[in-house]
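After the sequence you'll find the predicted model.
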Amino acid sequence: MSDERPEKPLPQEPVPYEKSLPDLRASDADRERVVERLRDAVAEGRLDMDEFEERLEATYKSRTYAELEPLTRDLPALGATAPVAAAPVGPVGLTKDVPAGSDSAWPDRIGGGSAVGGAAGGPAMAVAVMSGFQRKGNWTVPSRFHAVAFWGGGEIDLREANFERREVVINCVAVMGGIEITVPPGVEVDVRGIGVMGAFDQRDSPGPVEPGAPRVVVTGFAFWGGVEIKVKPPKSAKQNRLSKSKTHPRKEL
């Protein structure tokens with residue numbers, strides 16, 4: 001007989017239960033966040049209505065994070081902007097010098113600052129329900145600003161404003177109401193809103209885009225309402241012209 005005894009199998013250490021994130025069940029709040037991002041994508045022109053309806057249906061049918069993640073995989077994060085090409089440099093001697101304090105000194109007005117109505121870098125909102133709102137004077141336009149007018153009116157004046165980023169998005173919802181957006185000359189304006197028995201109206205042209213000027217994207221929806229984009233010089237420029245006219249009175253013959 002052999003003295004060798006059969007070796008007892010070593011006890012296996014319990015493997016900790018690890019559940020990967022994609023396998024976790026999604027909550028109603030998770031699905032609503034995806035729906036909100038899809039709505040923003042429609043307003044920005046990244047999705048058409050057929051794509052939106054298809055993804056919306058898939059969102060509400062999703063049960064896990066793995067099913068939700070592909071629905072927004074090809075969409076940029078909120079506040080992300082496309083790369084902006086550097087402005088071409090003109091020949092020496094042909095460019096205009098920008099005087100100190102000029103409204104064309106855009107680098108001093110872009111970047112940083114805290115947004116009115118929201119934290120720096122986050123969305124801000126102005127709502128008028130059978131009332132009105134104003135954003136004017138010296139304020140900071142956030143990267144994304146939401147304006148809602150229901151049986152009311154809103155005024156957004158960017159002539160003396162600072163800008164958190166080079167490109168800002170103003171998302172307007174006007175239902176039996178109106179929103180007026182005023183921009184200074186030289187700003188690039190891109191209107192993408194949709195009007196149903198309403199309109200997004202841009203009659204004035206900002207003229208040639210100034211080097212370093214911000215880009216304002218106007219999106220949203222107008223139903224029995226309107227969003228109007230106007231171009232007006234800053235009040236300081238008007239005051240300068242008025243003061244010059246007073247210092248040089250017209251001679252009477």
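Alright, I've got the coordinates. Numbers count the residues shown, from 1 in each chain.

excluding its backbone neighbours, what's nearest residue 68?
residue 62 (4.8 Å; C-beta to C-beta, 6 or more residues apart in numbering). The C-beta positions use only the backbone N, C-alpha and C, and glycine is treated the same way.

Can I get stretch 224-238 in CSV, CA atoms only?
What follows is stretch 224-238, C-alpha atoms only, in CSV (Å, rounded to 0.1, in the frame of the first residue of the first chain):
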residue,chain,number,x,y,z
TRP,A,224,-47.8,81.3,-33.0
GLY,A,225,-44.9,83.5,-31.9
GLY,A,226,-41.7,85.0,-33.2
VAL,A,227,-38.0,85.4,-32.6
GLU,A,228,-36.5,88.5,-34.1
ILE,A,229,-32.7,89.2,-34.5
LYS,A,230,-31.8,92.8,-34.8
VAL,A,231,-28.4,94.5,-35.5
LYS,A,232,-27.7,97.8,-33.7
PRO,A,233,-24.5,99.6,-32.8
PRO,A,234,-23.6,99.7,-29.1
LYS,A,235,-25.0,102.6,-27.1
SER,A,236,-21.4,103.9,-26.5
ALA,A,237,-21.0,104.3,-30.3
LYS,A,238,-24.2,106.2,-30.5
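
residues of that stretch that come out buried?
For stretch 224-238, a neighbour-count test (16 or more other C-beta atoms under 10 Å) marks 225-229, 231, 234 as buried.

I'd say residue 231 and residue 206 touch.
Yes. Residue 231 lies in contact with residue 206 (C-beta atoms under 8 Å); the separation is 5.0 Å.

quick one: common contacting residues for those two?
Residues touching both residue 231 and residue 206 (C-beta atoms under 8 Å, 6 or more residues apart in numbering) are 183-185.

Among those residues, which are located in strands?
Using DSSP state E, residue 183 are the members of the shared contacts of residue 231 and residue 206 that sit in strands.

out of the shared contacts of residue 231 and residue 206, which is most surrounded?
Counting neighbours by other C-beta atoms under 10 Å, residue 183 comes out on top of the shared contacts of residue 231 and residue 206 with 24 neighbours.

quick one: which two of the buried residues of stretch 224-238 are the most distant?
225 and 234 (27.6 Å; C-beta to C-beta).

Closest to residue 150 out of the buried residues of stretch 224-238?
residue 225 (8.6 Å).

one step back: generate CSV for the shared contacts of residue 231 and residue 206, with pLDDT and distance to residue 138 as supplementary columns.
As requested, those are exported to CSV (pLDDT from 0 to 100; distance: C-beta to C-beta, whole Å):
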residue, pLDDT, distance to residue 138
183, 93, 16
184, 92, 14
185, 91, 19
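
picking up where we left off before, any idea which of the buried residues of stretch 224-238 the model trusts least?
For those, the model is least confident at residue 234; its pLDDT is 86.

circling back: how many other residues sit next to the residue nearest to residue 68?
19.

Equivalent analysis for residue 169, please.
By other C-beta under 10 Å, neighbour count at residue 169 equals 26.

Am I right that it is in contact with residue 147?
No. With contact defined as C-beta under 8 Å, residue 169 does not reach residue 147; the gap is 11.0 Å.

Touching both of these two, which residues are there?
With C-beta under 8 Å, 6+ apart, residue 169 and residue 147 have no common neighbours.

Residue 51 and residue 72: what is the separation?
Using C-beta to C-beta, to the nearest Å, residue 51 is found at 12 Å from residue 72.

which one of those two has more residues nearby?
More neighbours surround residue 72 than the other of residue 51 and residue 72, with 16 against 13 (other C-beta under 10 Å).

give the contact list for the more buried one.
By C-beta under 8 Å, 6+ apart, residue 72 lies in contact with 34, 37-38.

repeat that for 6 Å
Counting by C-beta atoms under 6 Å, 6 or more residues apart in numbering, residue 72 touches 34, 37.

Got the confidence number for it?
Among the per-residue scores, residue 72 shows a pLDDT of 90.

Adding distance to residue 76, write the shared contacts of residue 231 and residue 206 out as CSV.
Formatted as CSV, the shared contacts of residue 231 and residue 206 follow (distance: C-beta to C-beta, whole Å):
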residue, distance to residue 76
183, 24
184, 28
185, 30
